[in-house]
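Q: Just the structure for this:
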Amino acid sequence: MDEPHDTVRAAPASPGDAGPEPQRDAGAPGAAREETPPSSPPGAEHAVLSATGADNPSGVSATQKPLRHQRNKNRGDKSTPAYAAIDLGTNNCRLLVAQPAGGTFEVIDAFSRIVRLGEGLGNSDELSAEAMDRAVGALRICAAKMRRRNVARARVIATQACRHAVNSGMFIERVARETGLELEVVTPEEEARLAVLGCTPLLDKSASRALVFDIGGGSTELVWLDMTNIGPAGEPHVLAWASLPVGVVTLADRYDGRTLNRTGYEKMVQEVTALLNDRPWSEEMDAQLDEAVAKGDIHLLGTSGTVTTIAGIHLGLRRYDRSKVDGTWIDFADVSAVTQALSLMTLEERANVPCIGRERADLVLAGCAILEAIQTSWPCRRLRVADRGLREGILITLMREDRRNQKRKRRRRRGGRKRAQQTNL
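A: The predicted model follows:
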C-alpha cells in the first residue's frame, strides 16, 4: 500500500524499516536516509478479491519463523539471484533487496527516503516539480543499489499519488529516462492484495474475521479476510476490500498539520468516519461483519507508519526498533492514550517525540485520526502491529513466480528425456 512503514524511527523517517543502527533525522523531505533492514472526488473504491495463496508451504507461524531481515553489507550469496521491490508512495520511497532463503527470504539491502510525492496534490491534481525531483533522486539511489546487488528481477510500483495526478505519465517517462526503472502504477486492488500477502504470517487465526488496513500517504486501504477459510498455502480468503481517498498527506494538507489542534483533529476523525459509514460492500457482508464485531470475533492488523509510530511511543522506545514493534499487540485503550496526548501537543512538541521526528510531526495526527475512525467503526479490544507489507508481498510474489517457472522447466526436461528414451527403445 501507499506506505506501509512510513513512520520515523529514533527521530528518523520510517519505522517500518528501522534497524539496529541509529538513523539521522535530516529534518526535511528528500533528506538522505539509508535503511538498515530490521532483524529477522471523495468516495471509496471497492471490489471483491479472490484469495491468493501465500508462499509458506511449511505453515509455520510468524512467531516461529519470522521473515529474515538481517543485513550485513558483506552478506549475499552471489550464486543466488537477488530480487528487489520498490514502493513509491505518496510520502515515502522505499526499497528492499532480498535473496530466497528456504521458505522465506533474507534482506541484503534496503533504503528509505521521505519524498512527499503527493505534497499539494489535493489542491492542484498535479505532481509538483519539487516533489518529482525528490522522488527521482531517491529512485536513482535505489537503481544504483540494485545494480550493485546484481538484481535479477524487480518490481517498481507507485500508488495513490501517481493514480491521482494528471501528469503522472510525464513523471513515469522521466523516471525511466533518468533512472532506468520502469514504474508501474498499481490499482488499489493490487495494492491491497500485495499488502495482505506480506502481512499474512502475523494474522491471528483464532478470529473468524480479520481487517488488514494500511494508512498511506494518499489513501487508506481496508481488506476484510475470512479466517475460517484458509487456503493450502496459508493465506485466508479475501472477502472484500475498500480504498478510501484519504491518507496522512492528503488530510494533513487539508487541515494544515503544522497548526492542527484538538478541534481540528476531531474534525478529521468525523470526516473519515463518514467515509467508513458509507460501507463500500454489500449489506449482507456488512451484517456478517457487524455480527462478528458484536461477538468480539474480529482481529485488526495495521500495517503503516501510523501504527508503528504509536507502538514505538507506547513501548517507550528512545529509538525505533523494528524487532520490538513488528508483531506486537496493543490494547486500543493504550492507542487512545497515545493519540490523545499527541493531539494536545504543539508541532514542536510532537517533533521532539522520539518515534516521530520533524519529518512526520505534521502528518502523525492525520494518521491517528484515520486509525481512530477505523476502530470506532469496528470496535475491537486490541490491535496487532505489522512492520511489513507491500514490499514483502512483492518479493514473495516474484520469488514464487520463479519457483513455479523452474518447476515447469524441470517437468518439461523430464518429459523430454522420457520421450527420448522411448524413441531409442
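Q: can you map out the strands along the stretch 51-200 of the chain?
A: 82-88, 92-101, 104-114, 151-158, 183-185 (DSSP state E, counting those that start in this stretch).
Q: hang on, isn't residue 175 packed against residue 184?
A: No: contact status for residue 175 versus residue 184: not in contact, 10.6 Å apart, counting by C-beta atoms under 8 Å. Quick note: C-beta positions are derived from backbone N, CA and C, even for glycine.
Q: of these two, who's got more company?
A: More crowded of residue 175 and residue 184, by other C-beta atoms under 10 Å: residue 175, with 23 against 14.
Q: who's in contact with the more buried one?
A: Residue 175 makes contacts with 135-136, 139, 181, 183, as judged by C-beta atoms under 8 Å, 6 or more residues apart in numbering.
Q: switch to 7 Å and redo it
A: The contact partners of residue 175, by C-beta atoms under 7 Å, 6 or more residues apart in numbering, come to 136, 139, 181, 183.
Q: tell me, how many neighbours does the second one end up with?
A: The criterion is other C-beta under 10 Å. On that basis, residue 139 has 25 neighbouring residues.
Q: now swap in the third one and tell me
A: Neighbourhood size, residue 181 [other C-beta under 10 Å]: 20.
Q: quick one: it and residue 87, what's the gap?
A: According to C-beta to C-beta, to the nearest Å, residue 181 and residue 87 sit 12 Å apart.
Q: Am I right that residue 360 sits in a helix?
A: No: counting by DSSP: H, G, I helix; E, B strand; the rest coil, residue 360 is not part of a helix but coil.
Q: quick one, phi/psi of it?
A: Main-chain torsions, residue 360, degrees, to the nearest 10: phi -120, psi 10.
Q: Check residue 244 too.
A: When read as degrees, to the nearest 10, the backbone of residue 244 gives phi -90, psi 140.
Q: Help me confirm that it comes into contact with residue 218.
A: No: contact criterion C-beta atoms under 7 Å: residue 244 and residue 218 do not qualify, at 10.2 Å.
Q: what residue ranges in the chain score low on pLDDT?
A: Scanning the chain for pLDDT under 70 picks out the ranges 1-78, 412-425.
Q: List the residues that contact the closest residue to residue 337 other than its chain neighbours.
A: Using C-beta to C-beta, 6 or more residues apart in numbering and skipping residues adjacent in sequence, the residue nearest residue 337 is residue 314, 7.9 Å away. Counting by C-beta under 7 Å, 6+ apart, residue 314 touches 330, 334, 338.
Q: do residue 301 as well
A: By C-beta under 7 Å, 6+ apart, the neighbours of residue 301 are 199, 202-203, 210, 212, 384, 386.
Q: between those, which has the most around it?
A: residue 386 (31 neighbours).
Q: Find the nearest non-adjacent residue to that residue, please.
A: residue 303 (4.0 Å).
Q: give the contact list for that neighbour.
A: Neighbour list for residue 303: 4, 195, 199, 212, 214, 386, 388-389 [criterion: C-beta under 7 Å, 6+ apart].
Q: so residue 195 sits right up against residue 393, yeah?
A: Yes: between residue 195 and residue 393 a contact is recorded at 5.9 Å, counting by C-beta under 7 Å.
Q: Touching both of these two, which residues are there?
A: With the criterion set as C-beta under 7 Å, 6+ apart, the contacts of residue 195 and residue 393 do not overlap.
Q: Would you mind measuring from the closest residue to residue 123 other than its chain neighbours to residue 144?
A: Among residues not flanking residue 123 along the chain, residue 253 sits closest, at 7.2 Å (C-beta to C-beta, 6+ apart). The gap separating residue 253 from residue 144 is 31 Å, by C-beta to C-beta.
Q: returning to that earlier point: can you redo the strands of the stretch 51-200 of the chain as a markdown table with distance to residue 368?
A: Below are the strands of the stretch 51-200 of the chain laid out as a markdown table (distance: least, C-beta to C-beta, whole Å):
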| stretch | distance to residue 368 |
| --- | --- |
| strand 82-88 | 22 |
| strand 92-101 | 18 |
| strand 104-114 | 18 |
| strand 151-158 | 26 |
| strand 183-185 | 28 |
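Q: A strand includes residue 387, no?
A: No: Residue 387 is assigned coil when assessed by three-state DSSP, not a strand.
Q: Without its sequence neighbours, what residue ends up closest to it?
A: Closest to residue 387 by C-beta to C-beta, 6+ apart is residue 326, at 3.7 Å.
Q: That neighbour and residue 386 touch, don't they?
A: Yes: counting by C-beta under 7 Å, residue 326 touches residue 386, with 6.5 Å between them.
Q: burial count for residue 340?
A: Counted with other C-beta under 10 Å, residue 340 comes out at 13.
Q: Then residue 187?
A: Around residue 187 there are 13 other residues, counting by other C-beta under 10 Å.
Q: Please apply the same query to residue 352.
A: 14.
Q: ditto for residue 335
A: Counted with other C-beta under 10 Å, residues neighbouring residue 335 total 23.
Q: returning to that earlier point: comparing residue 253 and residue 144, which residue is more hemmed in?
A: Set side by side, residue 253 and residue 144 show more neighbours around residue 253, with 20 against 12, by other C-beta under 10 Å.
Q: what's in contact with the strand or helix carrying that one?
A: Using DSSP states H and E, residue 253 sits in helix 248-255. Identification of contacts with helix 248-255 by C-beta under 7 Å, 6+ apart yields 90-91, 116, 118-120, 122, 215, 217-218, 264, 267-268, 306, 362-363, 366-367, 369.
Q: so where do the strands sit in the stretch 251-400 of the chain?
A: Going by DSSP E, counting those that start in this stretch, the stretch 251-400 of the chain shows strands at 298-302, 329-331, 382-385.
Q: Direction included, what does the last one pair up with?
A: Meaning strand 382-385. In the sheet, strand 382-385 lines up against strand 298-302 (parallel), strand 329-331 (antiparallel) (DSSP bridges).
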